[in-house]
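Trainee: quick one: sequence and predicted model below, then my questions.
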Amino acid sequence: MGLTRHLRRWFGAKRPSEEDPGRILNAYIEASSEALRELSVTTKRAQSEGLVIAEKMNAVQAEIKKKRDKAEEAARASNAELARRWLEEVHDRTLLFEQLQEDARRNQVFAEELLEKRDALSGKIQTAKAVIEQYKARSRRAASVIAAEQALSDGDSKDAPGQLQADLFLAEAKAELERSRPY
């Protein structure tokens, strides 16, 4: 059997669609793109929550300042009981402010992790797209080689060195195709 027949039989064999690397990569890209959209939405929500927390912190900080000023006024007016109540409220609001700071820190860490995951997933999608292009280029090259071999050979070559060369070429083509598969 000539080289052309080997290659035609090997490359011409139809594989089920679930084994086609191009289709597998396209399915991966579709699923990953959907996950990327969901991850982007989650990231935006986390960033929005961070802004809401920052607004709350500003409001609580303003309240603390007002209550501290009122406590100072009460102390100047020699009203110790009123000054003590204002300072207790300042203390309560300070605890709330500290809790909001901790929430803001956790939210910031979460948002940064989401951004990193989003960037990594985006990179994987770009890599998959590049692999698809490589796969297409290799497929075109293999088809060109088959066409060239078919045009140059008579198909009836039965000599042993020619058969050995054909088998070697077939083995190299299989190895190249295996290396091009991402899975």
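Mentor: Arrived safely.
Trainee: could you give the number of residues near residue 70?
Mentor: Neighbourhood size, residue 70 [other Cβ atoms under 10 Å]: 17. Every residue, glycine included, has its C-beta placed from N, CA and C.
Trainee: which residue is the nearest non-sequential neighbour of it?
Mentor: The shortest distance from residue 70 to any non-neighbouring residue, by Cβ to Cβ, 6 or more residues apart in numbering, is to residue 86 (4.8 Å).
Trainee: and the one you found, how far is that from residue 57?
Mentor: Per Cβ to Cβ, to the nearest Å, residue 86 is found 20 Å from residue 57.
Trainee: between the two, which has more neighbouring residues?
Mentor: residue 86 (21 against 18).
Trainee: kindly state the pLDDT recorded for the more buried one?
Mentor: If you check residue 86, the pLDDT there is 94.
Trainee: for residue 145, see how far away it is.
Mentor: Look at residue 86 and residue 145: by Cβ to Cβ, they are 87 Å apart.
Trainee: now do the same contact list for the residue nearest the centre of the chain.
Mentor: What sits nearest the mean C-alpha location of the chain, by Cα atoms, centre = their mean, is residue 121, with 0.7 Å. The contact partners of residue 121, by Cβ atoms under 8 Å, 6 or more residues apart in numbering, come to 32, 35-36, 39.
Trainee: ramachandran coordinates for the residue of the chain most remote from its centre?
Mentor: In the chain, counting by Cα atoms, centre = their mean, residue 78 sits farthest out from the average C-alpha position, at 63.5 Å. Per-residue torsions, residue 78: phi 60, psi 30 (degrees, to the nearest 10).
Trainee: just the helices in the chain please.
Mentor: Along the chain, counting by DSSP state H, helices occupy 3-12, 21-76, 80-152, 160-180.
Trainee: kindly compare burial across those helices and name the winner.
Mentor: When those are scored by mean count of other Cβ atoms under 10 Å, the highest mean neighbour count falls to helix 3-12 (a mean of 17).
Trainee: any weak-confidence spans in this protein?
Mentor: In the predicted model, the chain carries pLDDT under 70 at residues 1-19, 151-164, 167, 181-183.
Trainee: ok, 90 please
Mentor: Applying pLDDT under 90 to the chain flags residues 1-29, 32, 128-183.
Trainee: roughly how far does the residue nearest to residue 70 sit from residue 122?
Mentor: 52 Å.
Trainee: got it, and residue 146?
Mentor: For residue 146, the distance to residue 122 - Cβ to Cβ - is 37 Å.
Trainee: how about residue 82?
Mentor: Separation of residue 82 from residue 122 (Cβ to Cβ) stands at 58 Å.
Trainee: go on, residue 88?
Mentor: Here residue 88 is placed at a distance of 51 Å from residue 122 (Cβ to Cβ).
Trainee: cool, thanks, signing off.
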